[in-house]
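>>> Sequence and predicted structure, then a few things I'm wondering about:
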Amino acid sequence: MLRNPVGAPRGVMVGFCCMGATKLSYRQMIRCYGLDAAKDFFEAQKQSVAFVKSFLGNP
């Protein structure tokens, strides 16, 4: 989180939320951990982004 970036009102905290980066590609994750574990990982990332979006009030 950045405090008071250029152009933001004083005291406003800003940041970003996105799908996380991984060292392994999804294909490599499937090969190493199996399809179900790779799906669980991707779903957890999607849910995390949705959670942040929900309390920010963004459409």
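Good, I have the coordinates.
>>> Run through the strands of the protein in chain order.
When assigned using DSSP state E, the strands of the chain occupy the ranges 2-3, 13-14.
>>> Confidence-wise, which of those strands is weakest overall?
The weakest mean pLDDT among these belongs to strand 2-3, with a mean of 47.
>>> And for Cys17, the neighbour number?
Counted with other Cβ atoms under 10 Å, residues neighbouring Cys17 total 13. No exception for glycine: its C-beta is placed from N, CA and C like everyone else's.
>>> Next one: it from Asp40, what distance?
To Asp40, Cys17 is 20 Å away according to Cβ to Cβ, to the nearest Å.
>>> With Ser54 instead?
As defined by Cβ to Cβ, Ser54 lies at a distance of 21 Å from Asp40.
>>> Of those two, give the one with the bigger neighbour count.
Asp40 (12 against 9).
>>> Return the residues in contact with that one.
With contact set as Cβ atoms under 8 Å, 6 or more residues apart in numbering, Asp40 has no partners.
>>> could we number from 676 for the rest of this?
Got it, first residue is 676 now, which makes that one Asp715.
>>> Can you list the buried residues in the longest helix seen in the chain?
Looking across the chain with DSSP state H, the single longest helix is helix 710-731. Using 16 or more other Cβ atoms under 10 Å as the test for burial, helix 710-731 gives 713, 716.
>>> what about that helix, average pLDDT?
Here helix 710-731 scores 88 as its mean pLDDT.
>>> Export it to CSV, keeping only CA atoms.
Below are the C-alpha coordinates for helix 710-731, written out as CSV (Å, rounded to 0.1, in the frame of the first residue of the first chain):
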residue,chain,number,x,y,z
LEU,A,710,-5.2,-31.0,-11.7
ASP,A,711,-7.4,-30.7,-8.6
ALA,A,712,-4.7,-28.9,-6.6
ALA,A,713,-4.0,-26.5,-9.6
LYS,A,714,-7.8,-25.8,-9.8
ASP,A,715,-8.0,-25.2,-6.1
PHE,A,716,-5.0,-22.7,-6.3
PHE,A,717,-6.6,-20.8,-9.1
GLU,A,718,-10.0,-20.7,-7.4
ALA,A,719,-8.4,-19.4,-4.2
GLN,A,720,-6.9,-16.6,-6.1
LYS,A,721,-10.2,-15.7,-7.8
GLN,A,722,-12.0,-15.7,-4.4
SER,A,723,-9.3,-13.5,-2.9
VAL,A,724,-9.7,-10.9,-5.6
ALA,A,725,-13.5,-11.1,-5.3
PHE,A,726,-13.3,-10.6,-1.5
VAL,A,727,-11.2,-7.4,-1.9
LYS,A,728,-13.6,-6.1,-4.6
SER,A,729,-16.6,-6.8,-2.4
PHE,A,730,-15.4,-4.5,0.5
LEU,A,731,-14.2,-1.8,-1.9
